[in-house]
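Colleague: Sequence plus predicted model, see below.
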Amino acid sequence: KMPRCLARRGQPGPAAFRTGRPVQILAPAHGQKGPLMVTLHSPDLDIKKIAESGQCFRMDETGAGHYTLVAMGHVLEMDALPGGCVLHCTVKQYEEIWKAYFDMETDYAAFRAAIPASDGFLTKAAEAGRGIRILRQQPWEMLITFIISQRKSIPAIKRCVQQLCLRAGKPIRHAGHVFFAFPTPRKLAGLSMDELAACGLGYRAGYVHAAARLAASGILDLAALCQAENAALQQALLAVPGVGAKVANCVMLFGYHRLDGFARDVWINRVIEEEYGGHFNLAPYAGFEGVMQQYMFYYGRLCAKGR
């Protein structure tokens with residue numbers, strides 16, 4: 001099940017809601033066997049954009065419009081639809097895991113409505129990024145993946161994470177294939193420096209090993225930090241080797257669902273410099289700055305690619 005701290009903790013923003021259109025439950029045809037499917041209708045749920053948003057490194061397009069996600073110890077297959085998606089899971093799995101994971105009870109339209117019409121760039125960014133939601137991911141996985149992410153491209157980060165999972169993750173059998181869960185702190189701490197280096201971590205291998213040992217020993221209690229205030233949470237994360245302000249903010253946003261986290265990387269810094277003269281006023285977006293950051297990150301990369 002979704003850890004309680006991830007299912008309930010975090011700012012819901014200006015309004016919390018259940019998806020505007022009803023969730024449809026599609027059963028297999030009469031006489032056929034197969035898992036139930038949950039169809040979600042929402043203009044604020046775009047699996048393709050979420051997969052490209054730089055917050056999740058284990059969601060991949062494995063066919064035209066078909067995505068596979070390994071998260072929360074499960075494998076979830078998804079089909080993108082105009083204005084929503086189909087989740088290949090049971091109703092029980094959706095209610096207990098994926099509804100919270102995809103943050104389906106938060107009103108992202110309300111976030112976009114806070115953008116003044118005078119801010120042409122952010123208006124365009126929010127429209128381009130419409131459908132991105134802040135996933136409620138596991139803090140441990142986010143800590144390691146964002147330590148790895150420093151000075152790496154998204155494809156390179158994915159390769160590193162995949163190699164770690166192959167070496168130390170628990171096998172998950174799904175649809176005739178074997179996937180691997182993200183390694184536990186104990187399993188990751190048990191890898192040698194040579195094994196970590198073989199995963200393509202480079203200088204980050206020492207940081208990953210140190211973080212794993214801290215978490216495995218209980219010195220770093222990531223679950224307990226779910227209840228910490230932002231300042232205490234940030235301070236605890238910054239004490240981990242290899243964690244600076246950017247990584248700490250990413251872990252807070254994507255691992256603890258603190259929507260007021262505004263992580264600045266090369267893409268965000270470039271947008272702020274080029275579009276806002278080096279200063280972006282966060283005050284109008286108090287409590288959901290991280291959502292604006294995702295729109296800016298996604299749109300900035302789109303513009304750079306000429307899409």
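Modeller: Perfect, I can see it now.

Colleague: mind listing the helices for the stretch 51-200 of the chain?
Modeller: Remark: helices assigned in the stretch 51-200 of the chain by DSSP state H, counting those that start in this stretch are 91-93, 99-101, 108-113, 120-128, 139-148, 154-168, 185-189, 193-197.

Colleague: remind me which residues of the chain are low pLDDT?
Modeller: In the prediction, the chain carries residues with pLDDT under 70 at positions 1-35, 307.

Colleague: tell me what the lengthiest helix in it is packed against?
Modeller: Assignment by DSSP state H gives helix 289-305 as the longest helix of the chain. With contacts defined as 3 or more C-beta pairs under 8 Å, 6 or more residues apart in numbering; DSSP states H and E, helix 289-305 has these neighbours: helix 108-113, helix 120-128, helix 266-276. For glycine as for every other residue, the C-beta is placed from the backbone atoms N, C-alpha and C.

Colleague: what's the single longest strand in the protein?
Modeller: Longest strand in the chain, counting residues (DSSP state E): strand 74-81.

Colleague: which residues sit against it?
Modeller: Here strand 74-81 makes contact (C-beta atoms under 8 Å, 6 or more residues apart in numbering) with 39, 46-48, 62, 65-70, 85-89, 93, 97-98, 172, 174-175, 179.

Colleague: From these, list the buried ones, please.
Modeller: Burial by neighbour count, judged by 16 or more other C-beta atoms under 10 Å, picks out 39, 46-48, 67-70, 85-89, 93, 97-98, 179 from the contacts of strand 74-81.

Colleague: Out of the residues you listed, which sit inside strands?
Modeller: Applying DSSP E to the buried ones among the contacts of strand 74-81, the entries found in strands are Thr39, Tyr67, Thr68, Leu69, Val70, Cys85, Val86, Leu87, His88, Phe179.

Colleague: which ones are touching the fifth one?
Modeller: Going back to what we said before, that points to Val70. Contacts for Val70 were tallied using C-beta under 8 Å, 6+ apart; they are Arg58, Leu76, Cys165, Ile172, Phe179, Phe180, Ala181, Phe182.

Colleague: same thing but 10 Å
Modeller: By C-beta atoms under 10 Å, 6 or more residues apart in numbering, the contact set of Val70 is 56-60, 76, 161-162, 165, 169, 172, 174, 179-182.

Colleague: Please report phi then psi for Gly131.
Modeller: The phi and psi torsions at Gly131 (degrees, to the nearest 10) take the values phi 110, psi -20.

Colleague: how many other residues sit next to it?
Modeller: A count of nearby residues for Gly131, using other C-beta atoms under 10 Å, gives 21.

Colleague: now it, nearest residue through space, not along the chain?
Modeller: Nearest residue to Gly131 in three dimensions, chain neighbours excluded: Asp46, at 2.4 Å (C-beta to C-beta, 6 or more residues apart in numbering).

Colleague: do Trp267 as well
Modeller: Trp267 sits nearest to Gly300 (C-beta to C-beta, 6+ apart), 4.8 Å away.

Colleague: can you tell me how far the one you found sits from Phe121?
Modeller: Computed as C-beta to C-beta, to the nearest Å, the Gly300 to Phe121 distance reads 9 Å.

Colleague: In terms of neighbours, single out the busier of these two.
Modeller: Using other C-beta under 10 Å as the criterion, Gly300 and Phe121 rank with Gly300 on top: 23 against 18.
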